[in-house]
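[1] next come a sequence and a model predicted from it.
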Amino acid sequence: LQLVESGGGLVQPGGSLRLSCAASGFTLDDYKIGWFRQAPGKEREGVSCFRSSDGRTYYADSVKGRFTISRDNIKNMVYLQMNSLKPEDAAIYYCAAGSFGAMCISAAFHSWGQGTQVTVSP
């Protein structure tokens, strides 16, 4: 199972970025998928997760209304559209796949990408 993120970069406050995550070796639709982030000195937190078994989607309160998770089953890709970015959104963003456990807790995910850096600065 392999996940590879892309799309990070430097953006000004208020700007947008779309992160992509390519999956190989497995079918994303068979797993719950999630985007997590980790800023320096902080714990990894769940940003948005989707569980295909019941169609449930989770967003952290801090990103509700600004971020959107989506998936392309044909391409086996997951996306995170991030709008109205704030300096506090800066972090390394990871995509992950999991099978069981809590909806959007990192311990419940077993496969991780290498991460992509998002920097939000004037």
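    Looks like it arrived, so ask away.

[2] what sits against residue 38?
    44-45, 91-92, 94, 115 (Cβ atoms under 8 Å, 6 or more residues apart in numbering). C-betas here are computed from N, CA, C, even on glycine.

[3] the residue nearest the centre of the chain bridge partners, please.
    Closest to where the C-alpha atoms of the chain average out (Cα atoms, centre = their mean) is residue 35, at 1.9 Å. Beta bridges link residue 35 to residue 48, residue 95 when assigned by DSSP bridges.

[4] so what touches stretch 13-23?
    Against stretch 13-23 from outside (Cβ under 8 Å, 6+ apart): 1-9, 11, 33, 35, 75-87, 93, 95, 97, 113, 116, 118, 120-122.

[5] quick check on those: which are buried?
    Listed as buried from the contacts of stretch 13-23 are 3, 5, 7-8, 11, 33, 35, 76, 78-80, 82, 85, 93, 95, 97, 113, 116, 118, 120; burial here means 16 or more other Cβ atoms under 10 Å.

[6] in strands, which of these appear?
    3, 5, 11, 33, 35, 78-80, 82, 93, 95, 97, 116, 118, 120 (DSSP state E).

[7] next, residue 29: secondary structure please.
    helix (DSSP: H, G, I helix; E, B strand; the rest coil).

[8] from residue 78, how far off is it?
    Distance, residue 29 to residue 78, by Cβ to Cβ, to the nearest Å: 11 Å.

[9] ok, the closest residue to residue 25 other than its chain neighbours - contacts?
    Among residues not flanking residue 25 along the chain, residue 1 sits closest, at 4.8 Å (Cβ to Cβ, 6 or more residues apart in numbering). Contacts for residue 1 were tallied using Cβ under 8 Å, 6+ apart; they are 23-26, 97, 111.

[10] tell me the one of those residues nearest residue 71?
    Nearest to residue 71 among the contacts of residue 1: residue 23, at 9.6 Å, using Cβ to Cβ.

[11] burial check on the closest one, number of neighbours?
    Neighbour count for residue 23, taken as other Cβ atoms under 10 Å: 23.

[12] off-centre distance for the helix or strand hosting it?
    Assessed by DSSP states H and E, residue 23 sits inside strand 17-24. Centroid separation for strand 17-24 versus its chain: 8 Å, with Cα atoms, centre = their mean, to the nearest Å.
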